[in-house]
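K.L.:
Below are the sequence and a predicted model for it; my questions follow.
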Amino acid sequence: MTTTTLAVLVPLLPILGAAAGLLLGRTAPGFVRPLAVLPSLAALALAAVVAVRQGGDAAIDSATELTPTGSVPVELALHIDGFAALVAVLVAFVATCVQIYSTGYLRDDPRYPSYAALVSLFTSAMLLVVYSGDLIVLLVGWEVMGICSYFLVGHYWETPEARAASIKAFLVTKLGDVPFLIGLFALATDAGSFRITKILSTVANGGLHHPTLIALLLLAGVAGKSAQFPLHTWLPDAMAGPTPVSALIHAATMVAAGVYFVARLLPVFEASSAAMVVLAVMAAVTMAGSGLAALAQDDIKRVLAYSTIGQLGYMTGALAVGDRGAAVFHLLSHGAFKALLFLAAGVIIHASGTNSLAAMSRMGNLRARVPDAFWTMTVALLALAAIPPFSGFFSKESVLGAAEHAASGDTAHIPGIAGWIVLVAGLLAAFLTAAYATRLWLLAFHGRGVEAPDHGRQPVAMNAVLWVLAVPSLALGGLAYRVLPDWFDGRDLTPTLTTSVLGTGVALVGGIVTYGAWRHTTALAARTPLGAVAAHPEGDAGLVEAEAIASHTPAYGDVASAPDPADPGRLLLGPLHRHAASGFHLDAVYAALFVRPVMAAASLVRFLDREVVDTYVRGAGTLPRLLGAAVRRAQTGNMQTYVSALLAGTVVLTVAVLLVATGA
């Protein structure tokens, strides 16, 4: 079987599994779980075969025109280079892990068949984005992911939090997709094609007429899809969905799509120095702001959500300094340890069994209860904090090293200011990342919360997936930085001495300072017993999560009503804590700048429609009605009245004729 045929099957198998799962969900429920897992597993195997055959050599290209358009053609095209081959393996790997994990996590959920089908469709859409060689076909996968995220985030649609989060995710991403679509059309108009290879050839020959405008329009869509400032606010609220969905969105789909898109079309952005500086500023603000916000969150999933935003900032920062190899390296590394973090958080949520769901201030004695989650999450947090020799160290250092080269002026076509912006923000984010990772570990596993009833061991499928994901989180980086350059642009990804010392140093300082703050606050709070926390009844992890969301608890956005005074984040942030906990009030800013004016405009339109337009419409009907009423008064039904009126009319006409004749 040819490589092209295998590549076509990779996104096709999950969508076929989704269709079959929906059809058999009610009639043959026993087939739902195999139809959820096996297509993703087969897609993973085929993606691995495609990657081995591609081997980092010349890109595999294949295309056929769908239908004549009379203008710029639209083609069903594949473009598989080293980037696409490895990212597809990541997507299929994480999706398979999520599907296996979900068989235990949502084992008693009555909507599991539709959930599993949507996860498969989500996976298929991302694989289509990865392999696509035509921007219109890529756009199809891009938008299918948007609608899948809407349904999956709103899986617990009975709760107002889930409904609001799904609508917010859909609207914010669509806000970015509008200029993104305009940018795609402008790019294709300049290049005369939607084919990625032809577009890159046009850029290389200087054929783009409006590079800055096109790049900025495309960046709007990237900011929305990859949750970058200022369109990142939907991602923390999206934690209202099931935890496995969060793992899929954060690790391998949706948010990774924007970074991958820029990596694939990086020469388009490099054609505009202004766009690269804008990208660098966007990455810097995202890294710093998300780190501060993560340090103030009490919900464990919201901490991880802001962490994802910050790590995506590292990736966009690498792209801003022209190193897509470093960006995709961190994308691959982050995909493994972030999926592990979310799935371990799902185990913790079930084990804690509290009304506060994932409130770290209310967790107690979890280390002994969930040893698998404890050890694997410790590995993932060390990778997140970029502590050597874990995978996150090597990928994050490749980003900082690329920023250092750009800042020194060694990178062509990249403004030196972009390098400095990314380097300084990256070091600050390294400190903050280590700080909130240490805080999460301390509060989740060494907290002072009231211990909830033990729900027993987690399903084997859940714990097994954690250990599978722990392997690349621990060992991927040390091997990858030697091998990946042959798959990418050939640029060296070896950590440099300067950034390695600086990055590791600030990370260690961040962890030590947070630990010291925790010890200090714990000593002060020793005489302040934490209020008792009501426990959930025993049950399936997904149902526990749904019940907790439905109970309107502090999870998903609100500050805990009885926070742990031993929280080191409060001491470290001081007066900034309240603002960071609410995401620096960006939602309130959007409400003031956009939501309220739109609502006011809608009220005005409604008033004009009812009081002005409807008045004219009603008036147009009132006049004939009055005339009809006047005419109707003459129709009395009395014959004498009719004869009298006829005679009177005859007399009037006779007199009028005589007067006219006499005058003549």
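P.N.:
Great, that's in hand. Numbers count the residues shown, from 1 in each chain.
K.L.:
May I see the buried residues of the strand or helix carrying Val468?
P.N.:
Using DSSP states H and E, Val468 falls within helix 460-487. Neighbour-count burial for helix 460-487, counted by 16 or more other CB atoms under 10 Å, picks out 461-466, 468-470, 472-474, 476-477, 480-481, 484-485, 487. (C-beta placed from N, C-alpha, C; glycine too.)
K.L.:
my read: Val119 touches Ala36, true?
P.N.:
Yes. In this structure, Val119 is within contact of Ala36 by CB atoms under 8 Å, at 7.1 Å.
K.L.:
Find the residues that touch each one of the two.
P.N.:
Counting by CB atoms under 8 Å, 6 or more residues apart in numbering, the contacts common to Val119 and Ala36 are Gln99, Ser102.
K.L.:
ok so, going back, thinking in terms of the whole chain, how far from its middle is the helix holding Val468?
P.N.:
Remark: helix 460-487 is offset 23 Å from the chain centroid, using CA atoms, centre = their mean, to the nearest Å.
K.L.:
could you point out which element follows it?
P.N.:
Sequence order places helix 497-525 as the next helix or strand after helix 460-487, per DSSP H and E.
K.L.:
which regions of this structure lie under the pLDDT threshold?
P.N.:
Counting by pLDDT under 70, the chain has low-confidence residues at 352-358, 364-365, 448-457, 526-565, 664.
K.L.:
mind listing the strands for it?
P.N.:
Here the chain has its strands, by DSSP state E, at 60-67, 74-80.
K.L.:
Return the last one as PDB; C-alpha atoms alone will do.
P.N.:
When you say that, I think you mean strand 74-80. The C-alpha atoms that make up strand 74-80 are tabulated as PDB, following Å, rounded to 0.1, in the frame of the first residue of the first chain:
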ATOM      1  CA  VAL A  74      -9.400  24.100  -4.600                       C
ATOM      2  CA  GLU A  75      -7.600  20.800  -4.400                       C
ATOM      3  CA  LEU A  76      -7.700  17.700  -2.200                       C
ATOM      4  CA  ALA A  77      -4.000  17.800  -1.400                       C
ATOM      5  CA  LEU A  78      -1.600  16.100   1.000                       C
ATOM      6  CA  HIS A  79       1.700  17.700   2.100                       C
ATOM      7  CA  ILE A  80       3.500  15.500   4.500                       C
END
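K.L.:
got a list of contacts for it?
P.N.:
Residues from elsewhere that reach strand 74-80, judged by CB under 8 Å, 6+ apart: 3-4, 7-8, 50, 54, 59-67, 88, 131-134, 136-137, 194-197.
K.L.:
Quick one: buried ones out of those residues?
P.N.:
The neighbour count (16+ other CB under 10 Å) marks 3, 7-8, 50, 54, 59-60, 62-63, 88, 131-134, 136-137, 194-196 as buried among those.
K.L.:
what about the helices in the stretch 101-250 of the chain?
P.N.:
Taking DSSP state H, counting those that start in this stretch, the helices of the stretch 101-250 of the chain run over residues 112-131, 135-153, 160-191, 196-204, 211-225, 234-237, 243-251.
K.L.:
what angle separates the fifth one from helix 112-131?
P.N.:
In other words, helix 211-225. Interaxial angle of helix 211-225 relative to helix 112-131 (axes from the mean of the first three to the mean of the last three CA atoms, to 10 degrees): 160 degrees.
K.L.:
What residues sit buried inside helix 211-225?
P.N.:
For helix 211-225, a neighbour-count test (16+ other CB under 10 Å) marks 211, 213-225 as buried.
K.L.:
which of these lies closest to Thr189?
P.N.:
Ranked by distance to Thr189 (CB to CB), those are led by Ile214 at 9.4 Å.
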